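Student: no FASTA, just this:
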């Protein structure tokens with residue numbers, strides 16, 4: 001089959017237009033990917049034979065949080081909570097905030113522990129039969145005005 005010169009010219013123009021469109025689309029996608037904010041890692045929490053994935057949120061110094069939803073993982077009094085940390089957290093400075101409650105008196109006890117880079121890739125949050133673990137909040141240092149935060153409600 002022999003193509004007419006006019007048909008060959010039309011096909012060549014269409015191929016050039018398609019290549020330009022593909023190149024432009026590629027440039028737009030690359031630009032969007034480069035300008036996208038970095039995604040934050042997830043934390044895995046484990047207790048009583050059940051594991052959950054904890055997504056992060058961002059919190060400002062005044063306590064206002066965006067996108068933060070506490071994940072529920074029941075941890076009975078006296079049972080530990082285990083956290084598995086991705087390298088993005090384990091290789092950073094980070095803080096573990098814990099809240100316990102005394103079911104008999106209603107008293108609330110809060111505490112925290114600061115970790116340095118490489119100090120822990122996994123953490124066991126202890127519990128006591130007399131003090132119910134209520135929640136755990138893991139926090140990285142603020143970048144700008146907001147700090148990445150992971151929250152687990154345990155009761």
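Tutor: Right, received. Where do you want to start? Bear in mind the structure is a predicted one, so any value in this text is a computation, not a measurement.

Student: Could you measure from residue 53 over to residue 87?
Tutor: When C-beta to C-beta, to the nearest Å is the yardstick, residue 53 and residue 87 sit 16 Å from each other. To be clear about C-beta, it is placed using only N, CA and C from the backbone, and glycine gets the same treatment.

Student: now do residue 121
Tutor: Distance from residue 121 to residue 87, by C-beta to C-beta: 8 Å.

Student: now residue 141
Tutor: Residue 141 is 16 Å from residue 87, by C-beta to C-beta.

Student: can you check residue 76 too?
Tutor: 31 Å.

Student: Between these two, point out the one with more neighbours.
Tutor: The neighbour comparison of residue 76 against residue 87 (other C-beta atoms under 10 Å) goes to residue 76, with 13 against 10.

Student: and the more buried one, what helix or strand is that in?
Tutor: Residue 76 is part of no helix or strand when elements are defined by DSSP states H and E.

Student: backbone phi and psi for the residue lying closest to it once chain neighbours are set aside, please?
Tutor: Counting by C-beta to C-beta, 6 or more residues apart in numbering, residue 76 lies nearest to residue 48, which is 6.9 Å off, once chain neighbours are set aside. Phi and psi for residue 48, reported as degrees, to the nearest 10, are phi 50, psi 40.

Student: what's the burial count for residue 48?
Tutor: 11.

Student: ok, now residue 155?
Tutor: Around residue 155 there are 16 residues (other C-beta under 10 Å).

Student: before we move on, back to that, how much space between the residue nearest to residue 76 and residue 127?
Tutor: 11 Å.

Student: swap in residue 140?
Tutor: For residue 140 relative to residue 127 (C-beta to C-beta), the value is 24 Å.

Student: Helices of the protein, residue ranges please.
Tutor: 5-35, 87-90 (DSSP state H).

Student: Show me where this structure dips below the pLDDT cut-off.
Tutor: Applying pLDDT under 70 to the chain flags the ranges 1, 3, 8, 12, 14-19, 21-38.

Student: domain parsing for this protein?
Tutor: 1-36, 43-153 (automatic domain parsing).

Student: Pick the most buried one from these.
Tutor: Mean neighbour count (mean count of other C-beta atoms under 10 Å) peaks for domain 43-153 among these, with a mean of 15.
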